[in-house]
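Asker: just to be clear, the model below is a prediction. Sequence and coordinates:
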Amino acid sequence: MDMTDETHHSTEDDLIQNRINKMERWRARGDEPFKYKFERSCTLAEACATFEESEKVAEDPESVEIPVTVAGRITALRSQGKVAFADIRDESGKIQLFLRLNDLGEEAFEHLKDLDLGDFVGVEGGVFRTRRGEISVKATQYSLLTKSLHPLPEKYHGLTDVETRFRQRYLDLIANPEVKDTFRKRVAIIQTMRDWLNERGFLEVETPMLHHIPGGATARPFITHHNTYDRDFYLRVAPELHLKRLIVGGFEKVFEINRCFRNEGVDTRHNPEFTTMELYEAYEDYLGLMDSTEEMLVAIIEKVNGGLQFEYQGETIDATRPWKRLTLFDAIREYAGIDLEPLKDDRAAAAKLAESIGISVTKEMGYGKIVDEVMSERVQPKLVQPTFLYDYPLDISPLAKKKRDNPGITERFQPFIGRLEVGNAFSELNDPIDQRERFMDQLKQREAGDDEAQFLDEDFINALELGMPPTAGLGIGIDRLAMLLTNQPNIREVILFPQLRSV
């Protein structure tokens, strides 16, 4: 008995038509091929676990048979005369079906030929162990729950074409069940982070996705249009300015986990749509927040990975506290071999020094951008073990407070793990006069051609003029953290439906 007939059809259209014909045969027999509901007694993993527990305590293990009602997608079909075998899979795992003529009856056994790979079936029977030692369900009856009209990928076990995997994530999840573990771990990261913050009195809030003025980060925004108001809006680049408005309003610990959108290039570490967690804590500064950031990230790593040592892209990462801490300029001196700190008032000299070590410098880049480029190209690739870099130039940190003893520097830090930047934090600027001056400087940068520079937000200035207490703020990139803890080199591997070029 050929159970799928697909080997006889050479084109995809033929294969689909063959499945449609089978669907129509099910209907002609009065059996709807797209059921409404099916009551399971357990998942496939539970069925296997229950059987194994019973087998351990049975006087005669070979006689154990546990009645179950299970369901899943068919991933393998094979026939041996009066016996057929199928593998089915649900979210928990897979199991073999033992389909025998004597158990099913002649009519039901004959109808097996109208099943295909990808079909969902419900099965009643007993879980037992075959002579070859495989846990299986000896089916006494089965039901077609959903007919699959499209063939599974030709190489079902291991769909490897990256474009197909990302464009048709449903195929990826079917063909590569281990991919589900990546996204389960991503969920665990977010849940652990949320629990950690809730336990420490942070209030989770939601702020707008549509902004009149984009702000909170130096990034090029997406623009959309609202018909009723007949005005353009920006998709938010960061929730920062709205969250700080809440601190002004009297909340003292707030956080948000949600999407941000930046109209920027796409590479292995950047997707135009991404998830962040941002928190703000009144009466704290960046040094205190650095301690709690370390504590939170260690808690997440330990909870999600089961320990503080893990592998990332061939490197063993050890997240044991305390983490290394370096000022940004000390890191540049250590890893890039140049000293840019004395050149903060000499942009030309800074550019020449950066170019001397192979850094490409454009005329639009100010001093801070040059420093940042040196960090990205020469320092970040060497930050394998968890490291905090802190104290960043003023002109690339328009929302951070000036360092207490050095007004050309800001109280800002970034954590790096496995060469990935996973966050950004400040002692938040709460002087409205200083903030206005920073925004005006950003406007000058925009006029000079920097389309990532920030806009002037008068309402935010107005909020600061009412008074914002000393505050520290942190943003964590959820996607980068998920990359790290699932050992993925590409951000698209940890986003269920990443943005791709049109085909």
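Answerer: Now that the structure is in, tell me what you want to look at.
Asker: when you work out contacts or count neighbours from here on, use the C-alpha atoms and nothing else.
Answerer: OK.
Asker: what about the strands in the stretch 1-150 of the chain?
Answerer: For the stretch 1-150 of the chain, the strands defined by DSSP state E, counting those that start in this stretch occupy 66-80, 83-90, 93-100, 120-129, 135-146.
Asker: using TSV, lay out those strands together with mean pLDDT.
Answerer: TSV is the format used below for these (pLDDT from 0 to 100):
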stretch	mean pLDDT
strand 66-80	96
strand 83-90	97
strand 93-100	98
strand 120-129	98
strand 135-146	98
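Asker: closest one to Leu456 among those strands?
Answerer: strand 83-90 (52.7 Å; CA to CA).
Asker: what strands line up against the closest one, and which way round?
Answerer: Strand pairing for strand 83-90, determined by DSSP bridges: strand 66-80 (antiparallel), strand 93-100 (antiparallel).
Asker: check those for me and report the most buried one.
Answerer: strand 93-100 (a mean of 21; mean count of other CA atoms under 10 Å).
Asker: so can I have TSV of the strands of the stretch 1-150 of the chain showing distance to Tyr283?
Answerer: Shown next, in TSV, are these (distance: least, CA to CA, whole Å):
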stretch	distance to Tyr283
strand 66-80	54
strand 83-90	50
strand 93-100	49
strand 120-129	57
strand 135-146	58
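Asker: quick one, which of the ones you listed gets closest to Met375.
Answerer: That would be strand 93-100 among the strands of the stretch 1-150 of the chain, by CA to CA, at 45.2 Å.
Asker: I'd like the distance from the closest one to the chain centre, please.
Answerer: With CA atoms, centre = their mean, to the nearest Å as the basis, strand 93-100 stands 33 Å off its chain's centre.
Asker: same thing with stretch 426-437?
Answerer: When distances are taken as CA atoms, centre = their mean, stretch 426-437 is centred 33 Å away from the chain's centroid.
Asker: between the two ends of it, how far is it?
Answerer: By CA to CA, to the nearest Å, the extent of stretch 426-437 from end to end equals 18 Å.
Asker: buried sites along that stretch?
Answerer: Buried residues in stretch 426-437, counted by 16 or more other CA atoms under 10 Å: Phe426, Ser427, Glu428, Leu429, Asn430, Asp431, Pro432, Asp434, Gln435, Arg436.
Asker: wait, the last one sits on Ile461?
Answerer: The reference is to Arg436. Yes - in this structure, Arg436 is within contact of Ile461 by CA atoms under 8 Å, at 6.8 Å.
Asker: quick one: the strands paired with strand 83-90 as JSON lines, columns for distance to Lys402 too.
Answerer: What follows is the strands paired with strand 83-90, written out as JSON lines (distance: least, CA to CA, whole Å):
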{"stretch": "strand 66-80", "distance to Lys402": "59"}
{"stretch": "strand 93-100", "distance to Lys402": "55"}
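Asker: quick one: closest of these to Gly30.
Answerer: Among the strands paired with strand 83-90, strand 66-80 comes nearest to Gly30, with 20.9 Å by CA to CA.
Asker: that closest one to strand 135-146, inter-axis angle?
Answerer: 80 degrees (axes from the mean of the first three to the mean of the last three CA atoms, to 10 degrees).
Asker: and strand 66-80, C-alpha only, in CSV?
Answerer: Presented in CSV, the C-alpha positions along strand 66-80 are these (Å, rounded to 0.1, in the frame of the first residue of the first chain):
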residue,chain,number,x,y,z
ILE,A,66,-1.4,2.5,28.8
PRO,A,67,-4.7,3.7,27.2
VAL,A,68,-4.4,7.2,25.7
THR,A,69,-6.0,9.6,23.2
VAL,A,70,-3.4,11.7,21.5
ALA,A,71,-3.0,13.9,18.4
GLY,A,72,-0.3,15.3,16.3
ARG,A,73,1.1,16.1,12.8
ILE,A,74,2.3,13.1,10.7
THR,A,75,6.0,13.4,10.1
ALA,A,76,6.7,9.9,8.7
LEU,A,77,4.6,7.1,7.1
ARG,A,78,5.6,3.6,6.1
SER,A,79,3.8,0.4,5.3
GLN,A,80,4.6,-3.3,5.8
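Asker: run through who's touching that strand.
Answerer: For strand 66-80, the surrounding residues in contact (CA atoms under 8 Å, 6 or more residues apart in numbering) are 1-4, 39-44, 47, 50-51, 84-90, 116-128.
Asker: quick one: which of the strands paired with strand 83-90 is nearest Val162?
Answerer: Per CA to CA, nearest to Val162 of the strands paired with strand 83-90: strand 66-80, 21.5 Å.
Asker: now that closest one, how far from the chain's geometric center?
Answerer: In this view, strand 66-80 has its centroid 32 Å away from the chain centroid, taken as CA atoms, centre = their mean.
Asker: what's the answer for stretch 225-245, then?
Answerer: When distances are taken as CA atoms, centre = their mean, stretch 225-245 is centred 24 Å away from the chain's centroid.
Asker: and that stretch, what's buried?
Answerer: Across stretch 225-245, burial judged by 16+ other CA under 10 Å covers 233-245.
Asker: what's the closest of those residues to Asn18?
Answerer: Closest to Asn18 out of the buried residues of stretch 225-245 is Leu235 (46.3 Å), distances taken as CA to CA.
Asker: tell me what that closest one is bridged to.
Answerer: Here Leu235, judged by DSSP bridges, has bridge partners Leu210.
Asker: isn't it right next to Thr207, touching?
Answerer: No - if you go by CA under 8 Å, Leu235 and Thr207 don't touch, sitting 11.9 Å apart.
Asker: count of neighbours near Ala28?
Answerer: By other CA atoms under 10 Å, the residues close to Ala28 number 10.
Asker: from Phe251, how far out is it?
Answerer: 65 Å.
Asker: now Phe202
Answerer: In terms of CA to CA, Phe202 sits 9 Å off from Phe251.
Asker: between those two, which is the more surrounded one?
Answerer: Counted by other CA under 10 Å, Phe202 and Phe251 do not tie: Phe202 has more neighbours, with 20 against 16.
Asker: which one is the more buried one nearest to, not counting chain neighbours?
Answerer: With CA to CA, 6 or more residues apart in numbering as the criterion, Phe202 has its nearest non-adjacent residue at 4.7 Å, and that residue is Lys253.
Asker: what do you get for Asp457?
Answerer: Ile213 (6.5 Å).
Asker: the one you found against Asp459, yeah?
Answerer: No - counting by CA under 8 Å, Ile213 sits too far from Asp459 to count as a contact (9.7 Å).
Asker: higher neighbour count, those two?
Answerer: Between Ile213 and Asp459, counting by other CA under 10 Å, Ile213 is the more crowded of the two (18 against 12).
Asker: now do the more buried one, the pLDDT please.
Answerer: pLDDT recorded at Ile213 is 92.
Asker: what sits against it?
Answerer: Phe233, Tyr234, Phe455, Leu456, Asp457.
Asker: Leu104 versus the third one, what's the distance?
Answerer: Distance check for Phe455 against Leu104: by CA to CA, it reads 71 Å.
Asker: so which of those two has more stuff around it?
Answerer: In terms of neighbours (other CA under 10 Å), Phe455 is the more surrounded of Phe455 and Leu104; the figures are 19 against 16.
Asker: for stretch 203-214, which positions count as buried?
Answerer: Buried residues in stretch 203-214 (16+ other CA under 10 Å): Leu203, Thr207, Met209, Leu210, His211, Ile213, Pro214.
Asker: of those, which is the nearest to Trp196?
Answerer: Of all the buried residues of stretch 203-214, Leu203 has the smallest distance to Trp196: 11.5 Å, by CA to CA.
Asker: leaving out sequence neighbours, find the closest residue to the closest one.
Answerer: Residue nearest to Leu203 in three dimensions, not counting chain neighbours: Val254, with 4.7 Å by CA to CA, 6+ apart.
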